[in-house]
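Chemist: pasting the sequence and the predicted model now:
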Amino acid sequence: MTDEIEHLRSVRPPTGGPSPALVADERNALMAYITAATPDATVGLPPPRRRRKRWLVPVVVVAAGSTAAAGWAALRTDPKTTTAVQCGDSVVDASTGDPVADCAALWLRERGTVAPPLVAYVNPGGGVRVIPEGQDPGKGFTPLARTFRQDTALIELEGELGDVSRGLAAACLGEAQARRMVSDQLRRLGLSGWTSRVRADDPGPGLRNADGTPADGPPACPSGAARYTPIVHPDTKQVELVAGLDQGTAEGVPYATLARWLTDQLVEGPDASCLPVDQAAALARQEAARVGLDESKGDVVFHVVPATDATSPTCARPTTTVGGTVEVTIRAVPR
Amino acid sequence: MNPDPTDAEVIGASGADPPRFAVIFDRHVASIHRFLQRRTGADGADSLTGECFRIAFERRATYQLDRPDALPWLYGIANNVARQDQRGERRRWTAQRRMEAGVAGNEGLVAPDPAHDGLLDRLDAEAVWPAVQAALGAMRPEERDTILLVAWEDLTYREVAIALGVPVGTVRSRLHRARHHLREHLEPVGQQEGDTHTTRNGRLRP
């Protein structure tokens, strides 16, 4: 047979591939779409399965009774209690409590240049959005003072409870164990007047491999235990623990290895050390590289949060969370 | 999950952890953009690539997890996106006309390509392009989709079957018809060009 296929190949139109800027923009748009679409999927449908990462809905419109969305879907959230920030069109977890600083850091990571002057706004639902100065934030946004800060205790609470190595989904826990873990963190962070409650959701069949096994994660928990997903409700000062949404992380995954190492070295291992954040961050980066996570390729993102009060002694405390990316936060906390 | 999970594993995990779907985007955005660029032009590719991945995300629960590589599935979605975009259809042929005029690539009909960067190849391409364009334009869309996935995207018959959601036998029959169609258009060109300059190994001849 003559090779018509080869003829066609000889006139294959040349392509330069997508520009890095296009790829970045489309990726951000996709992530915004995913995070905005996911809560909607819970409304009137079977309960959500897992939400490791807490995102902020840019404009909060969620029906009453929604489950996973409820943590940030109150009709009017106090922006101080939000734990995410929308930088342009990208929604990211808050790190420092200063949304402008968090977005400036994101700008530097993604574009490699220092961010222009940025301005923070609050939308009608209480969500925080940061855009370059002079850009139109859109209808209903009002500017926030430069001194505005999100509650870092809430940000840290979510990170701690969602930590891959020691969070609520890191192991199979009984209800009492899970609630004790929450109360320990609430106490450590000085959050008084808070309560927790457990809600058992049927996670549904989930996505499975062809042989019927779960598509991801370690073996299921035994009867009477579960991996829990925390949903923080600042408006009612309640941490809701939803069982069965999170399958946990299989051992040997690089980010799980990194998270375990950080916890052992800096939090609860027998030789855990109290280190300055910069030193701890340097060690964390070394370990990330050792396990095969390349920061330059975006395998892992590091956030280093120094102490706000430089006069008090602090220790570095790491949290490792996984959403679209592996995010390691090294935070200075009181010794 | 494995340190280097398959697409199927990532898609499976994204059911419970939706942001993980970004891995699929990272892995395949370049291929899908190139595909859309060939089919709809540069502008079309820029505007449709994101749409393709948003649709893929919405449909991820239907992904067959026994297929480790998601690229054929994504090609199928991209193919539908390109087809459903009427402007894309126009762009496709507009872009090809621009290529014919030597606009695209700024170096004549076909810009240097790792597989086809020789002068003779470019001469071949210049000679054969009008006939190929006419043949593609006259084909039934499903035949055109099939042969272009094989020729331009280097998909196997099985991968094309996955992409288009048809049995492999249908892929073969569509390819047979498409090749026949192409041959009919290319034969006269080959004969004519063979009279005017020598092509490598007589590639334009049937």
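Modeler: In hand now; what should we look at?
Chemist: ok, which stretches of the stretch 101-250 of chain A are helices?
Modeler: Shown for the stretch 101-250 of chain A, the helices assigned by DSSP state H, counting those that start in this stretch span residues A:152-161, A:175-188.
Chemist: most packed of the ones you listed?
Modeler: helix A:152-161 (a mean of 23; mean count of other Cβ atoms under 10 Å in any protein chain shown). C-beta here means a position set from N, CA and C on the backbone, and glycine is covered the same way.
Chemist: whichever residue of chain B sits closest to chain A is in what secondary structure piece?
Modeler: For chain B, the residue closest to chain A is residue B:12, as judged by Cβ to the nearest Cβ, at 2.6 Å. Using DSSP states H and E, residue B:12 sits in helix B:7-14.
Chemist: what about dumping the CA coordinates of that helix to CSV?
Modeler: What follows is helix B:7-14, C-alpha atoms only, in CSV (Å, rounded to 0.1, in the frame of the first residue of the first chain):
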residue,chain,number,x,y,z
ASP,B,7,-2.7,8.8,34.6
ALA,B,8,-5.4,6.3,35.6
GLU,B,9,-4.2,6.4,39.2
VAL,B,10,-4.2,10.1,39.2
ILE,B,11,-7.6,10.3,37.8
GLY,B,12,-8.8,7.8,40.2
ALA,B,13,-7.4,9.8,43.1
SER,B,14,-8.9,13.0,41.7
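Chemist: what's the helix or strand just after it packed up against?
Modeler: Using DSSP H and E, the helix or strand that follows helix B:7-14 in sequence is helix B:22-58. Where contact means 3 or more Cβ pairs under 8 Å, 6 or more residues apart in numbering or on different chains; DSSP states H and E, helix B:22-58 is packed against helix A:20-40, helix B:7-14, helix B:71-84, helix B:86-100.
Chemist: can you get me a residue count around residue A:101?
Modeler: Residue A:101 is flanked by 19 other residues according to other Cβ atoms under 10 Å in any protein chain shown.
Chemist: tell me the pLDDT at it?
Modeler: pLDDT recorded at residue A:101 is 95.
Chemist: ok, it to residue B:183 distance?
Modeler: 64 Å (Cβ to Cβ, to the nearest Å).
Chemist: helices or strands next to the strand or helix carrying residue A:284 in the packing?
Modeler: Per DSSP H and E: residue A:284 is located in helix A:277-291. Counting contacts by 3+ Cβ pairs under 8 Å, 6+ apart, helix A:277-291 packs against helix A:254-263, strand A:300-305, strand A:314-322, strand A:326-334.
Chemist: neighbouring strands for the shortest one, and are they parallel or not?
Modeler: I take that to be strand A:300-305. strand A:326-334 (parallel) (DSSP bridges).
Chemist: export the partner strand to CSV, keeping only CA atoms.
Modeler: C-alpha atoms of strand A:326-334 as CSV (Å, rounded to 0.1, in the frame of the first residue of the first chain):
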residue,chain,number,x,y,z
VAL,A,326,2.5,19.4,47.9
GLU,A,327,2.7,22.3,50.2
VAL,A,328,5.1,22.4,53.1
THR,A,329,4.7,25.3,55.6
ILE,A,330,7.5,25.9,58.1
ARG,A,331,6.1,28.2,60.7
ALA,A,332,7.6,29.9,63.7
VAL,A,333,5.5,29.0,66.7
PRO,A,334,6.0,29.9,70.4
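Chemist: wait, residue A:284 sits on residue A:302?
Modeler: Yes - between residue A:284 and residue A:302 there is a contact at 6.6 Å, judged by Cβ atoms under 8 Å.
Chemist: run a quick neighbour tally on the closest residue to residue B:158 other than its chain neighbours.
Modeler: Closest residue to residue B:158 apart from its sequence neighbours, by Cβ to Cβ, 6 or more residues apart in numbering or on different chains: residue B:168 at 5.8 Å. Burial of residue B:168 is recorded as 14 neighbouring residues (other Cβ under 10 Å).
Chemist: re earlier: how far away from the center of its chain is the helix holding residue A:284?
Modeler: Relative to its chain's centre, helix A:277-291 lies at 20 Å (Cα atoms, centre = their mean, to the nearest Å).
Chemist: one more: stretch A:223-239?
Modeler: 16 Å.
Chemist: ends of it, what's the gap?
Modeler: Stretch A:223-239 stretches 23 Å from its first residue to its last (Cα to Cα, to the nearest Å).
Chemist: buried ones in that stretch?
Modeler: Within stretch A:223-239, the residues that qualify as buried are A:225-234, A:238-239, counting by 16 or more other Cβ atoms under 10 Å in any protein chain shown.
Chemist: which of these sits closest to chain B?
Modeler: Of these, the one sitting nearest to chain B (Cβ to the nearest Cβ) turns out to be residue A:229, at 9.9 Å.
Chemist: can you tell me who that closest one pairs with across the strands?
Modeler: Applying DSSP bridges, one finds that residue A:229 bridges with residue A:242.
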